[in-house]
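Colleague: predicted model, plus sequence, below.
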Amino acid sequence: MRTRAAVLYECGKPAPYALSSPLVVEDVEVDAPGAGEVLVELAGAGLCHSDLSTINGSRPRPTPMVLGHEASGIVREVGPGVAEFEVDDHVVFSFVPICGRCLCCASGRPALCEAGAASNTAGVLLGGGTRFHRGGAPIRHHLGVSAFSHHTVAAQESLIKIDRSVPLQTAALFGCAILTGVGAVTNTAKVSPGQSAAVFGLGGVGLSAVMGAKLAGAFPIIAVDALPEKLALARRLGAHHTIDATSGDTASMIADLTRGGVEFAFEAVGSAAVLAIAYDSVRRGGTAVTVGLPHPDQRLSIQAVSLVGQEKCIRGSYMGSSVPRRDVPRLIALAQAGSLPVDALVSPSIRLEEVNVGFDRLADGSAIRQLIQFDHPSP
């Protein structure tokens, strides 16, 4: 079938993207789903910094590629061997297709699925191959999702069924921002009530970490960013203190607020320099958790002896160390109960044709989570 999609042909084009147009919105062909695969009509797709990192070349991927990895939609067709999904099911995508058989999956760490990582790096579906093409030439998949398209084909291992009562467009946020940010607090760090936390970087993931810290009962919660609007939003979402990242020695200010540093610091910027500051801001025995994706050339410099002498730790958190089929329904239930004010993250929606302008807004910090409003909203 024919579908309208935003295709990345070249990584590293310069900003502003409204002028350089790294994403070309055009008609492409998408094949029917193969064995174990599902055709989904997209309802919501979020613009995330991980997409931006692919556009600017920080996270290079094979091209051409239909971009987008945070999404929700409706099942329109199922391939042979699909037993878990039926036509008209509502779904959220997991940007790691989880094989369930590798050592990481068997060890309860499906976010690190080896088969999923390999297929994502290659730009193919979990079962191998691509389903998008134009003029006979294949177009790659982004993280098994390729959300910037009216329709996409995904492996059934990339999908989580959700209740039809959940607002479908904003459900997309549970596939990345909420899953990653809240998960970093509750799954990776396992913050307990009364423990202190600082969050560096207040995009969709960082603000989700603030919500996660409040959910966990952390005190105090300190939010750090350079933009006043984001600091104000963090206060509304539960931060007890906010710090302008440009105002001086952030680690010292956090030490003063907490009598020695926080127990957990969360870096959500994607910068080795910011991670070093986050590490400096934790107290003796504390942990810095990084969820950002810096350029592969960046290197981290810390005082090595502090790892032993102060028992400080650094931990990575990919996809919030989540088990998507367990955690997405739980997080949705918490949002429905009023414990996760997800709608606060949503910036004005855009059309697919405005996607390059949307990434300019994401890059300059004037938007948190923009959701693509497709031309064919489904019932």
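Modeller: Here it is on my side, so go on.

Colleague: helices of this structure, residue ranges please.
Modeller: Under the criterion DSSP state H, helices of the chain are mapped to 17-20, 49-55, 103-106, 114-122, 177-183, 204-216, 228-236, 250-258, 272-280, 306-309, 324-336, 355-364.

Colleague: would you map the strands across the stretch 51-200 of the chain?
Modeller: 65-66, 70-78, 90-93, 132-134, 137-141, 151-155, 159-162, 197-200 (DSSP state E, counting those that start in this stretch).

Colleague: can you list those in JSON lines and add mean pLDDT and distance to residue 219?
Modeller: Where C-beta positions appear, they are placed from N, C-alpha and C, glycine not excepted. Shown next, in JSON lines, are the strands of the stretch 51-200 of the chain (pLDDT from 0 to 100; distance: least, CB to CB, whole Å):
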{"stretch": "strand 65-66", "mean pLDDT": "98", "distance to residue 219": "43"}
{"stretch": "strand 70-78", "mean pLDDT": "98", "distance to residue 219": "30"}
{"stretch": "strand 90-93", "mean pLDDT": "98", "distance to residue 219": "31"}
{"stretch": "strand 132-134", "mean pLDDT": "97", "distance to residue 219": "48"}
{"stretch": "strand 137-141", "mean pLDDT": "98", "distance to residue 219": "43"}
{"stretch": "strand 151-155", "mean pLDDT": "98", "distance to residue 219": "40"}
{"stretch": "strand 159-162", "mean pLDDT": "98", "distance to residue 219": "32"}
{"stretch": "strand 197-200", "mean pLDDT": "98", "distance to residue 219": "8"}
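
Colleague: most tightly surrounded among these?
Modeller: strand 197-200 (a mean of 32; mean count of other CB atoms under 10 Å).

Colleague: give me the contact list for that strand.
Modeller: 185, 189, 191, 206, 209-210, 213, 218, 220-225, 234, 239, 245, 250, 254, 262-269, 274, 277-278, 281 (CB atoms under 8 Å, 6 or more residues apart in numbering).

Colleague: out of the strands of the stretch 51-200 of the chain, nearest to residue 298?
Modeller: Closest to residue 298 of those, according to CB to CB: strand 197-200, at 15.1 Å.

Colleague: can you list the strands that that closest one pairs with?
Modeller: Its sheet considered, strand 197-200 pairs with strand 221-225 (parallel), strand 262-267 (parallel) by DSSP bridges.

Colleague: need the CA coordinates for the first one. PDB is fine.
Modeller: Spelled out, that is strand 221-225. Extracted in PDB, the C-alpha atoms of strand 221-225 (Å, rounded to 0.1, in the frame of the first residue of the first chain):
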ATOM      1  CA  ILE A 221      13.600  17.000  44.200                       C
ATOM      2  CA  ILE A 222      15.900  19.500  42.500                       C
ATOM      3  CA  ALA A 223      15.500  20.300  38.800                       C
ATOM      4  CA  VAL A 224      18.300  21.900  36.700                       C
ATOM      5  CA  ASP A 225      17.900  23.500  33.300                       C
END
